[in-house]
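K.L.:
Give me the fold of what follows.
(2 chains)
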Amino acid sequence: MSVDFVRSPSSSSYSIKEVSFREGNDVIVNPVIRYDSSGSNPVRHGSRGASSGGFGSSYKEIKDDDARLVYVNDPLRTNEKRFRFAGNSIRTSKYSFLTFLPRNLFEQFHRIAYIYFLVIAILNQLPQLAVFGRGASILPLALVLFVTAVKDAYEDFRRHRSDRIENNRVASVLVNGEFGDKKWKDICVGEVVKISGNQTLPCDMVLLSTSDATGVSYVQTTNLDGESNLKTRYAKQETQAKASLWGEIGGMLIKCEKPNRNIYGFQANMEIDGKSISLGPSNIILRGCELKNTDWVIGVVVYAGKETKAMLNNAGAPSKRSRLEKHMNKEIIILSLFLVALCTVVSISHGVWLRQHRKELYLMQFYRKYDYSEPEVEKYEYYGWGMEIFFVFLMSVIVFQVMIPISLYISVELVRIGQAYFMIRDDRMFDKSTNSRFQCRALNINEDLGQIKYVFSDKTGTLTENKMEFQCASIGGVDYDNGKAIDTETGYSAQVDGMVLRPKMMVKIDQDLLHLSKMKHTDEGKHLCDFLVALAACNTIVPLTVETSDPAVKLIEYQGESPDEQALVYAAASYGFMLVERSSGHIVIDIQGERQRFNVLGLHEFDSDRKRMSVIIGCPDQTVKVFVKGADTTMFQVIDKSLNLNMVKATESHLHAYSSKGLRTLVIGMREMSTSEFEQWQSSYDSASTALMGRANLLRKVASNVENNLRLLGASGIEDKLQQGVPEAIESLRTAGIKVWVLTGDKQETAISIGYSSKLLTSQMTQIVINNKSDSCRKSLDDALQLYKKLSDVSNSNDSGNGAGTNQLALIIDGTSLVYILETELEEKLFELSSKCTAVLCCRVAPLQKAGIVALIKNRTDDMTLAIGDGANDVSMIQKADVGIGISGQEGRQAVMASDFSMGQFRFLVPLLLIHGHWNYQRISYMILYNFYRNVVLVFVLFWYALFTGFTLTTAITDWSSVLYTVIYTSLPTIVVGVLDKDLGRSTLLKYPQLYGAGQRGESYNGNLFWFTILDTLWQSIAVFFIPLIAYWDSTVGISALGDLWILAVVILVNVHLAMDVIRWYTITHIAVWGSILATFICVMVIDALPFLPGYWAFFMIAKTKLFWVCLLGIVVSGLVPRFVVKVFVQHFKPDDIQIARVAEKFGYLQGDAETEMNPIFDLPQRTATT
Amino acid sequence: MSSDDGSSKKVSRKPRYSRFTQQELPACKPILTPALVIGILMCLGIISIPIGLLALSASKNVVEVVDRYDDVCIPSTDQKVGFIKDPATNKTCIRTFTIPKKMRKPVYVYYQLDNFYQNHRRYVKSRSDRQLWNPKAESSTTVCDPEGQTGDGKPIVPCGLIAWSLFNDTYMLSKNDAALQINKKDIAWRSDRTHKFSSNIYPKNFQNGTLIGGGKLDESIPLSQQEDLMVWMRTSALPTFRKLYGKIETDLEANEKITVTIQNNYNTYSFNGKKKLVISTATWIGGKNDFIGKMYMAVGGTSIVLGVIFSLLYVFKPRPLGDPSYLSWNKSPTLD
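P.N.:
I've put the predicted structure just below:
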């Protein structure tokens, strides 16, 4: 055992793998979530061996068709003919040298935008349709493709390199009776592999034997699911026994399920010596895990290479689409209809024009229907007017292509990257305690953060820290809750072999209890002793020693899957009952300096039906005892109340007191077993645990037989502390008009008390509690709705304005009622009720119910939902909600892996939503509208001109200019503004959370704004086009010169338009906006300085005239005056909240609060409306 | 978790503070205050109206004589196209008009075509700029179709529909029976003469086909001196356009009678195009066009009116700027 194994000395290649795992959200998609029961209950136990616990039926006959047959130590037979199992060589790289170009292009063209570009470019290559020069039409697409390809190539090169390293690692494989080195890539299914401590596993293996005599081994699965605690895995006793005979072993057959991505499930049977034994998830160790705390293990490969669970989970994240984007796509469809309409108008008019001039066509100097240069006179590029109309239609699509703002997709992506950068870099969202930054895992829903209406929050680990702290205990009917924190140095320590062992964490010590624990001769002392032994023994905690700077002192760290158990064991240790060693057969507890060995004879794991666990311990004094701990509801059923009724009563009242303090409670009981009883138990336990059919049920039955007539020892109260800033955060969110729902597995009392301490519930609220089963739910709901009506009537008649604050409703509903409601037609009523409640608290909910609740809201409203949680049990709701946020806390990384964003603390939700969400939303909305405007204005200018060219789509603006328009002339300012512009400062947004409402109401981007923008666009395009047109009517102006004027006018106009809307001018904004105009001038000059273009020198000639400049000025002024006037009018006479706050911010009415940003809690006026 | 884990060398991942990453860069936050709005509107008015007045007066000072002759310089037969296409007919036509006001030199002579789509796609494309400048690119005429080669495959210089349709009406002006010199030098852009039309390239095989589009070129004069061609090749932006024919370097007095002898060669009859002769002076605003002046007047006037309206509104319906009590949630619903 070394210090190392808490940290992960994972190889460099695996760290890359880890990145891929983060993308692999599908880990969670699997149907069975192993923590399904434990996560939502007050007690979190690790479930060891999936044959009990969550899996209903442990044994399922695997059909031969669906099975994979693995002959142990017989790879040849295993891999013969019809089975083609993957080798262990892996390939995460996507391309090889040859396939790079085609595959990369293929993947890039999955984007609809590129296809559009491509189709337009191809159309343009047809000689009849060549509107733009070849270069000009292909350049933008080529540029984007090239840059992406280079990026992809570089990433793939790195993957190739890591694959090579990975495949060439060496493992010890049994060949011809001896273990010899073999490269990872050569390992195949059926081979027997030996792994030493701290090594990484090369493939998925079924354990055959381990260095521990009982077949226990420990693995760390950080690489797989990010959880850093040790997990126990077992070799079957049958195979463990054969450990010495590996040389000649054979004839064992494993029948296992086909490769799948469920890392928490495995089903197999093993035939050994004619017997069939069943294998479960606890018998398999997976690729990517590390062996810890175990000298060696031997296992047989069942899945290799790309069929390992780790690799199967390596899939990309399912992408969510932001709401704004969905909206935007709708409007883009409108724009494409516009496009089709414009093209139709042009082509039909062209047809009419041809028809009207049909007799003149062959003599018109500018048409020339016939080609006389050939001996035979032919029609020259004239295909009949049907075709002509068609060609003109296609040509107009090419010319008006910018109508579909393809560049918008790219700019939006860039802006989102910029926003993600700012969110990640925000030091207010950095969590010191876990050293974790904010993480953007999904890049395309940033702006959704600004429109959230419902927040669904997990409680444990999200609102609370999930650092369980033992607070108090009721032992023998006496409440001990005067714990005082003591110094680590003075705390309990044990001497072992000259070493000082000390628990890593100390709990608050109650002096009375400490004193009592030392008096073992008294009855109370004995009782207490049993209690503490129970705490130390009745768990699955693994003690690890950690070295400290002082070589004589070692710390004991308790590793386990349940933080509650850890807390209890630490508590026991602090009172001198220190668990120092665990193997599968025994534990060693240092009882006040005396090492005592307890044999663990049996262990009934926690399951969600019994809600308790028990161990059967052979004590040093040769007695056999059953220790049981579990939730009070089920424990009191099995406690023999007749033994000491008073004590039971007292304990019950203490429990009630604890849970109303928000403590998590556990009840502990025990009894002694007589020898005969023990033998009876042992035989039934043995037969149950080797049973092939219904093992879980049998085991549960065995457990229930032992877990009865218990003597109550006492109860413990564990505090799950609220995270810092949670009440303030909830207050802010609520003020912002966001409804916060807490979904927890806790008991109702605990949940309510946490509700109060987190300010989710306030004393002014009227609570509606629904916790009854079946039919009475309907009545409760009806009553509640009645109540609501009554209350709102009362408030309406009493005080019309200020009522909202005084009779807010809070709904408290429990899991069972919820299940009932969700399954029946009452769902509708629940929705009706819950949407009227200010706060909703759901207690005792299971993970899938959490998703059901989210769906309840999501399916019925357009409101955006956000789910936040930290554990595997929150995964379903995180994925269901529009925005999923994972707390990277104590409970592993599954929630984080399923989430769109992850952060360290619940309170970061406030800056995330109110500040970043608000900004993201404002920025992206403005940007989308602006991009529509910017492109459409150019299209309209082109369209108007088409009306003056005989509908033939000659463009006065050079093709280079029209291509560069979205690339150089106008792209940078929108991106800069989209990334940097802020409508309001941080402190203002925190001071007035209500400002968030703008996003919820979709004020910055909606249908009205879209049509208003289009109207404005129309006017501006008219100004741009017709002012020069009329000014240069009857003049000698050439097509190129006028084209230059138009493009410059458009560019200046759209940039000044942007400048008008910029709220904060940074230096870089100035550079981008004015620089773009300058760049346009330079580009136009360069284009006009090329003598081989028809427009040579046109710009310089026209720029010499004053009329040109007067026109430019006139266009900009008359184009923007209407917009300016409307804007001023609206701002002054119908200002929105953002506008008022902005002015207030500017003129300092809000100053003095600038420093309150970090702790945004305010005395809100009573009349604050939260609907 | 690992507080005294001997090896807590973990580098803090705390983002490094900078005003940029925290989005706290200094910024200018302009707000449209009433004063600013009124100021901007008034400024716009004060700037626009003088420009408008100047433009109007400039346009007013332009003296312009426009004479449409296509309809009168042709026998009123139904065979207009036949007449104009027949090289044998006499197409001389004499027009007279009076100068309404004194015209100071230089007086520009333009021809104006109506309904002639010099910006038609088929037409605009049909030219070879390489051929005009590079003697070696003489045969790069594919872009010029259908006027790239003669029937027997020789390249046409200058090729293309644009050159082929060169305008070829000529005007002889006389004042009181004395010829009025029209200077046809330097009517094209200098850049065209020096960098676009080569002095080493001479017209070749030009206008030899069955269908005559317009004027012929003197094959002994290099392209760089064919200024009519250059002017013509600067295709116009709109279907109604003027092109410079020449300049008169003397003043024309009011009421002087001008006689023009027109050779009405150019065929616009096939598509009902109008031809006009324009004699005009020029100012900074170009020719006679009141639009810019009127537009500026309108914009300026509107701005001032709006400015006044806003001022009045601010006076009679004032609202304190940025008063937090106006925020929607601070307003009692009854006041709404």
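
K.L.:
Work out for me the element the closest residue to residue A:958 other than its chain neighbours sits within.
P.N.:
Closest residue to residue A:958 apart from its sequence neighbours, by CB to CB, 6 or more residues apart in numbering or on different chains: residue A:1087 at 5.7 Å. Bear in mind the C-beta positions are built from the backbone N, C-alpha and C, glycine included. Of the helices and strands defined by DSSP states H and E, residue A:1087 is found in helix A:1067-1088.

K.L.:
what is the mean pLDDT for the helix or strand following that helix?
P.N.:
Next along the chain after helix A:1067-1088, taking DSSP H and E as the criterion, comes helix A:1098-1103. The average pLDDT within helix A:1098-1103 is 94.

K.L.:
likewise stretch B:245-254?
P.N.:
So the average pLDDT for stretch B:245-254 ends up being 93.

K.L.:
Can you mark which positions in that stretch are buried?
P.N.:
B:245-248, B:252 (16 or more other CB atoms under 10 Å in any protein chain shown).

K.L.:
Show only the entries of these found in strands.
P.N.:
Within those, residues falling in strands by DSSP state E are B:245-248.

K.L.:
which stretches of the stretch 201-336 of chain B form strands?
P.N.:
Ranges of strands in the stretch 201-336 of chain B, per DSSP state E, counting those that start in this stretch, are B:241-248, B:257-263, B:274-280.

K.L.:
now the strands for the stretch 451-600 of chain A?
P.N.:
Under DSSP E, counting those that start in this stretch, the stretch 451-600 of chain A gives strands at A:452-458, A:464-475, A:478-480, A:494-496, A:499-503, A:542-547, A:553-559, A:577-582, A:586-591, A:594-604.

K.L.:
ranking those by mean pLDDT, which is last?
P.N.:
Lowest mean pLDDT within the strands of the stretch 451-600 of chain A: strand A:494-496, a mean of 66.

K.L.:
next one: the lowest-mean-pLDDT helix or strand in chain B to chain centre, how far?
P.N.:
Confidence across the helices and strands of chain B bottoms out at helix B:80-85, with a mean of 85, counting by mean pLDDT, DSSP states H and E. Here the centre of helix B:80-85 is set off from its chain's centre by 31 Å, with CA atoms, centre = their mean, to the nearest Å.

K.L.:
List the buried residues in that helix.
P.N.:
B:80-81, B:83-85.

K.L.:
of these, list those near chain A.
P.N.:
residue B:81 (CB under 8 Å from any CB of the partner chain).

K.L.:
And the residue nearest the centre of the chain?
P.N.:
As the question left the chain open, I've gone with chain A. residue A:899 (0.5 Å; CA atoms, centre = their mean).

K.L.:
Sorry, I should have been clearer: chain B.
P.N.:
residue B:237 (5.9 Å).

K.L.:
From what I see, that residue and residue A:1034 are in contact.
P.N.:
No: using CB atoms under 8 Å, residue B:237 makes no contact with residue A:1034, being 11.6 Å away.

K.L.:
got a pLDDT number for residue A:1140?
P.N.:
Looking at residue A:1140, the pLDDT reads 88.

K.L.:
what kind of secondary structure is it in?
P.N.:
helix (DSSP: H, G, I helix; E, B strand; the rest coil).

K.L.:
What is the helix or strand hosting residue A:699 packed up against?
P.N.:
Applying DSSP H and E as the criterion places residue A:699 in helix A:695-706. Packing contacts for helix A:695-706, counted by 3 or more CB pairs under 8 Å, 6 or more residues apart in numbering or on different chains; DSSP states H and E, involve strand A:594-604, strand A:612-618, helix A:675-689.

K.L.:
ok, now with 7 Å
P.N.:
When contacts are defined as 3 or more CB pairs under 7 Å, 6 or more residues apart in numbering or on different chains; DSSP states H and E, helix A:695-706 packs onto strand A:612-618, helix A:675-689.

K.L.:
returning to that earlier point: and the buried residues of helix B:80-85, which is closest to chain A?
P.N.:
Within those, the smallest distance to chain A is 7.0 Å, found for residue B:81 (CB to the nearest CB).

K.L.:
isn't the closest one right up against residue B:268?
P.N.:
No: with contact defined as CB atoms under 7 Å, residue B:81 does not reach residue B:268; the gap is 9.9 Å.

K.L.:
Local confidence estimate at the closest residue to chain A within the stretch 201-336 of chain B?
P.N.:
Nearest residue of the stretch 201-336 of chain B to chain A (CB to the nearest CB) works out as residue B:322 at 3.0 Å. With respect to pLDDT, residue B:322 scores 74.

K.L.:
Might you report the residue contacts of it?
P.N.:
Counting by CB atoms under 7 Å, 6 or more residues apart in numbering or on different chains, residue B:322 makes contact with A:1140, A:1143-1144, A:1146-1147, A:1149.

K.L.:
Let's see which of the residues you listed end up in helices.
P.N.:
Among those, the members found in helices (DSSP state H) are A:1140, A:1143-1144, A:1146.

K.L.:
out of those, who's near chain B?
P.N.:
Contacts with chain B are made by A:1140, A:1143-1144, A:1146 out of the ones in helices among the contacts of residue B:322, judged by CB under 7 Å from any CB of the partner chain.

K.L.:
Same list, those residues, but as JSON lines with neighbour count and distance to residue A:932 please.
P.N.:
What follows is these, written out as JSON lines (neighbours: other CB atoms under 10 Å in any protein chain shown; distance: CB to CB, whole Å):
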{"residue": "A:1140", "neighbour count": "25", "distance to residue A:932": "27"}
{"residue": "A:1143", "neighbour count": "22", "distance to residue A:932": "28"}
{"residue": "A:1144", "neighbour count": "24", "distance to residue A:932": "31"}
{"residue": "A:1146", "neighbour count": "17", "distance to residue A:932": "29"}
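
K.L.:
Thank you kindly, that will do.
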